[in-house]
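# below is the sequence, then the predicted model.
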Amino acid sequence: MYPPRHQRGSPGDLKGGAVLSQEKITRTEQEWKSLLTPEQFRVTRGGGTEPPFSGKYYNHKEKGTYLCSNCGNGLFTSDSKYDSGSGWPSFFEPLSPESVSTREDRSHGMTRVEVLCARCDAHLGHLFPDGPPPTGMRYCINSVALDFKPDQPPRPGTN
């Protein structure tokens, strides 16, 4: 598997007010079904993929933090997002090394690296070693697996 080649700040030093929790969340299949949309459930709990160029965040440019749509865990920032041309949101590194986990995925006759939320094990997408510097990695993520929290603008008089 492709381990992250970077180290960012500690989990307490996250951008955008996102919270990175190490407390695992486990729910039954029925609980997840009651909390998620059918498409979120299909992709994040069933390992599915949304069609390319269809997701809410593939061409999203706003500054902020991308969270897990299942549990709110901080995953990626807009600072690491780039246009890979794949049709899915792509990032060159996670918010923190503890934000995501990876495992081998041998589905569909291929060997790939699956990216999961480290907190709730939601399927997020896949990791490929063809990204830009500084990591050379491409976290190819389904929009339906993400929520977005915009950066807070500075308050007047605080500059």
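Here it is on my side, so go on. Numbering: from 1, shown residues only.
# low-scoring pLDDT stretches of the chain, where are they?
Residue ranges of the chain with pLDDT under 70: 1-22, 154, 157-159.
# if you set the cut-off to 50 instead, what comes out?
1-17 (pLDDT under 50).
# count of neighbours near Ser101?
Neighbours of Ser101 under the rule other CB atoms under 10 Å: 16. Every residue, glycine included, has its C-beta placed from N, CA and C.
# ugh, wrong one, I meant Thr44
Residues lying near Thr44 (other CB under 10 Å) number 28.
# the longest helix anywhere in the chain - contacts with which helices or strands?
In the chain, taking DSSP state H as the definition, the longest helix is helix 29-35. Other helices and strands packing on helix 29-35, by 3 or more CB pairs under 8 Å, 6 or more residues apart in numbering; DSSP states H and E, are absent; none qualifies.
# list the buried residues of that helix.
Under the neighbour-count criterion of 16 or more other CB atoms under 10 Å, helix 29-35 has Trp32 buried.
# alright, that wraps it up for me.
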